[in-house]
Structures are given as C-alpha cells and as structure tokens.
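> show me how the following folds:
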Amino acid sequence: MWVTFSYIYALLYSNLYREKYAEFLKGNFPGIPFTKDYKLFREMRDYGRRLVDLHLLKSAELAPPIARFHGEGEDNKVKKLDYNEEERRVYINESKYFEGIEKGGWEYQIGGYQVCSKWLKDRKDKSLSLEETIHYCKIVTSLQRTIEIQREIDDIYPEAEKEIIEFENR
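Next up, the predicted model:
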C-alpha cells in the first residue's frame, strides 16, 4: 500500500497533472493514471517517498538547510514581514531576517496559502525560539526541494500517461 500511496503522492505533485485535471481536482475525484512501465512506476514512487519525507520534515535532504536566521540584537519578535527578492531575505523585524529564500519558495502555496508567509504571520507579535527558527529553515528547505522534485516529476509525467492500466468501473 505504501508503494501505491507514494506513486499517487508524486503524481498529485506533478504540475502537468494538476493542470490537466484542474477541474476534477476542484470538486470530484480525478483519475489516477497507473503506468504499465514498472521502471517508471518505481521512479514516480521514489519521488513520492522523497516528497512525503520532506513534507513530514523527516528527510535527510533537509540538512543542511538552505535558509539561515541572521541579524543583530536579541529581538526575535515577528513584527512586520518584508520579503526582499534581490537579497533572498525575509525580514521579520528591523534587524532580524531569514536568508536564502528563493522567490519560488516564498510564493509557494498549499491550499491557497503562501506557506512561508503564513507560518510567520501566525507568529506575529511573538518572539521566535531557537527551535522555531530551525523549524522554519526546514520548512523553507522542504519547499525548495519540493519545487525541484516537481520539475523532475514533470519531466517524466507524460510517459506515465502513454501506456496506462485501464480499470473497469464496478
């Protein structure tokens, strides 16, 4: 079952799949094309496993994190968010910031929410602990790796739909 789940998880993260089945994804149950090509199935499954581990923040790919927390002073309070694309930084106040945040990661959305922004906004007017800054850096890294894996999945996704296993409706 884990094998099938991992394959489907990868498939659902394909941007090509999401575009093709956009209407079905909004309200119905979209079809899941199962490829007859076992090598391709395993490759998709492996991408799915990587994504699951990243999204649970349990992946070895999270180390070292691509984001770092920097700044002067002891004030770790989230006051006002300001993303600077050129510097690849998200300022949480006048002196503290997370560095190494790509635009794609900053803008990445799940369920209509911009993940990196929402996580910080949920902590507005609170000081971030060391554990929270580490956690946020893992989230940023997870999203960036997700974007990279999505590109790899999209490279092979068209092959998954070429020869699919047809299931009868019962």
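> let me see the ranges of the strands in the chain.
Listed in chain order, the strands found in the chain under DSSP state E are 68-71, 82-84, 89-91, 96-99, 109-110, 113-114.
> so which of those is nearest Ala10?
Smallest distance to Ala10 across the strands of the chain (CB to CB): 16.0 Å, for strand 109-110. C-beta: built from backbone N, CA, C; applies to glycine.
> any idea how far the closest one is from the chain center?
The gap between where strand 109-110 is centred and where its chain is centred comes out at 8 Å by CA atoms, centre = their mean, to the nearest Å.
> and the spatially most central residue of the chain, what is it in contact with?
Closest residue to the average C-alpha location of the chain: Leu143 at 3.5 Å, with CA atoms, centre = their mean. Neighbour list for Leu143: 105, 108, 115-116 [criterion: CB atoms under 8 Å, 6 or more residues apart in numbering].
> turn those residues into TSV, including neighbour count, distance to Glu161 and pLDDT.
TSV is the format used below for those (neighbours: other CB atoms under 10 Å; distance: CB to CB, whole Å; pLDDT from 0 to 100):
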residue	neighbour count	distance to Glu161	pLDDT
Gly105	23	28	96
Tyr108	21	25	97
Val115	19	29	97
Cys116	23	32	97
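> on that earlier part again, nearest to Gly48, of the strands of the chain?
Proximity to Gly48 (CB to CB) singles out strand 109-110 among those, at 16.3 Å.
> quick one: contacts of the closest one?
Strand 109-110 has contacts (CB under 8 Å, 6+ apart) with Val115.
> return the residues in contact with His55.
Taking CB under 8 Å, 6+ apart, we find His55 in contact with 142, 146.
> so what's it scoring on pLDDT?
Per-residue confidence (pLDDT) for His55: 97.
> likewise for Arg170?
Confidence per residue is given as pLDDT, and for Arg170 that number is 39.
> again, but for Lys26
Value for Lys26, per-residue pLDDT: 80.
> what's the burial count for it?
Under the neighbour criterion other CB atoms under 10 Å, Lys26 is assigned a count of 8.
> and Trp119, by the same measure?
Using other CB under 10 Å, Trp119 has 16 other residues around it.
> what do you get for the one 3 residues further on?
Residues within reach of Asp122, counting by other CB under 10 Å, total 9.
> please pull out the lowest mean pLDDT helix or strand from this protein.
For the chain, the helix or strand with the lowest mean confidence is helix 22-27, at a mean of 81 (criterion: mean pLDDT, DSSP states H and E).
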